[in-house]
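Chemist: What follows is a protein structure lacking sequence information:
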């Protein structure tokens, strides 16, 4: 199983980016996909999750949108109105977490390599 995350970059505050996560080696429709982010010295935190429904951490609600294209085995994270505090390495992960624990990184089986998102003020 491989996950390839892409789409990160440098953007000014208020700008947008779309992250993509291409999954190979399993059928995406059978799993949930989470997006996480991490900054140096801090724990990895759950940003959003999708399986049959979508979930978001409070700080990104209304700004980020997660979606999936099972035919392409790809999950997207559209990030709008970006803020400097969104700066992090973003990772995608595959798993079947219980919904109450979708933010827990330990609930995921496979991880992508991460893509850097930097938001300048």
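Modeler: Received it, and whenever you're ready, just let me know what you need. The shown structure was predicted, so the numbers you read here are calculated from the model rather than taken from an experiment.

Chemist: Quick check: which element contains the residue nearest the centre of the chain?
Modeler: What sits nearest the mean C-alpha location of the chain, by Cα atoms, centre = their mean, is residue 35, with 2.1 Å. Assigned by DSSP states H and E, residue 35 belongs to strand 32-38.

Chemist: For that strand, buried residues please.
Modeler: By 16 or more other Cβ atoms under 10 Å, the buried positions in strand 32-38 come out as 32-37. In short, each C-beta sits where N, CA and C put it, glycine included.

Chemist: Please apply the same query to stretch 8-26.
Modeler: Quick answer for stretch 8-26 (16+ other Cβ under 10 Å): 8, 11, 17, 19-23.

Chemist: for the residues you listed, which one is nearest residue 49?
Modeler: residue 21 (12.3 Å; Cβ to Cβ).

Chemist: Dig out what that closest one forms beta bridges with.
Modeler: According to DSSP bridges, the partner residues bridging residue 21 are residue 5, residue 75.

Chemist: Distance check, it against residue 7.
Modeler: Residue 21 is 9 Å from residue 7, where distance means Cβ to Cβ, to the nearest Å.

Chemist: ditto for residue 36
Modeler: In terms of Cβ to Cβ, residue 36 sits 15 Å off from residue 7.

Chemist: again with residue 49
Modeler: From residue 49 over to residue 7 the distance is 18 Å, taken as Cβ to Cβ.

Chemist: Neighbour count: these two, which is higher?
Modeler: A side-by-side neighbour count of residue 49 and residue 7, using other Cβ atoms under 10 Å, places residue 49 first with 26 against 16.

Chemist: In contact with that one, which residues?
Modeler: 32-35, 55, 66, 97, 102-103 (Cβ atoms under 8 Å, 6 or more residues apart in numbering).
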